[in-house]
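J.: how would this look folded up:
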Amino acid sequence: MPGAAKRLQHVGLQVKDMEASVRFYREVVGLKLTSMRPSPPAPRAICFLRGADMHHDVVLFAQPADGDPDAAGPADSHFRKDVGINHLAFELGSREDWLEELARIRRAGAKIVFGPAVHGAEGGDENPFVGGSGSHSFYILDPDGNRVEFFCWMMRVSRPGFAAQEFES
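T.: The predicted structure is shown next:
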């Protein structure tokens, strides 16, 4: 039986410079600040940011200092010291919104590191690009080098029972 998860709701990022990251996600990405928990009293600073009416879409965690007794090590990604995520993605409602966001982000001075581009659609033997979504995308980097994608028009899966082929071992 499939799980109940429908889509990614938020992402947590470990950041080196909380102030620079908050400024980036507010001024460049356009998120709103919901709340911040400074350190102390919290073991480390945490910041919650949102795009619309959910409490948060992005959570920023201050990178723990070396020797932090609360840092559980690499098995617990909540307290990871280095490896982060590949990218986070923000969906725009239309191609017009996407083009406006591209222009706004360029005006904000962010460097586009990939795109604008259309990710190849899945197409079987005629188009062997696996995992393509058909979305219009561009990527920028946040202050810690995390890729941030802005996209529109991702393909929808219209057949409820559809599942991709398993990887061959």
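
J.: For His119, give me the pLDDT.
T.: We have a pLDDT of 74 for His119.

J.: number of nearby residues for it?
T.: The local packing of His119 (other Cβ atoms under 10 Å) involves 19 other residues. Where C-beta positions appear, they are placed from N, C-alpha and C, glycine not excepted.

J.: Glu149 versus that one, what's the distance?
T.: When distance is defined by Cβ to Cβ, to the nearest Å, His119 is 10 Å away from Glu149.

J.: list the residues that contact both of the two?
T.: Counting by Cβ atoms under 8 Å, 6 or more residues apart in numbering, the contacts common to His119 and Glu149 are Ser137.

J.: bridging residues for Leu141?
T.: Beta-bridge partners of Leu141, counted by DSSP bridges, are Arg147.

J.: ok, it to Pro38 distance?
T.: 26 Å.

J.: Same check on Arg44?
T.: 9 Å.

J.: The two: which is more packed in?
T.: Arg44 (19 against 12).

J.: Per-residue pLDDT of that one, please?
T.: Here the pLDDT value assigned to Arg44 is 78.

J.: Now it: which helix or strand?
T.: Assignment of secondary structure by DSSP states H and E places Arg44 within no helix or strand.

J.: can I assume it is in contact with Pro64?
T.: Yes: here Arg44 reaches Pro64: they are 5.8 Å apart, a contact under Cβ atoms under 8 Å.

J.: Give me the contact list for the helix or strand Leu102 falls within.
T.: Element membership for Leu102, per DSSP H and E: helix 95-107. Helix 95-107 is contacted by residues 28-30, 92, 112, 116, 136, 138, 140, 150-153 when judged by Cβ under 8 Å, 6+ apart.

J.: Just the buried ones from these?
T.: Neighbour-count burial (16 or more other Cβ atoms under 10 Å) is assigned, among the contacts of helix 95-107, to Val28, Val29, Leu92, His136, Phe138, Ile140, Phe150, Phe151, Cys152, Trp153.

J.: wait, doesn't the fifth one sit right on Lys111?
T.: No: with contact defined as Cβ under 8 Å, Phe138 and Lys111 do not form a contacting pair (10.7 Å).

J.: And the strands in the chain, which stretches?
T.: With strands called from DSSP state E, the chain shows them at 11-15, 32-37, 46-50, 58-62, 87-91, 112-118, 136-141, 147-152.
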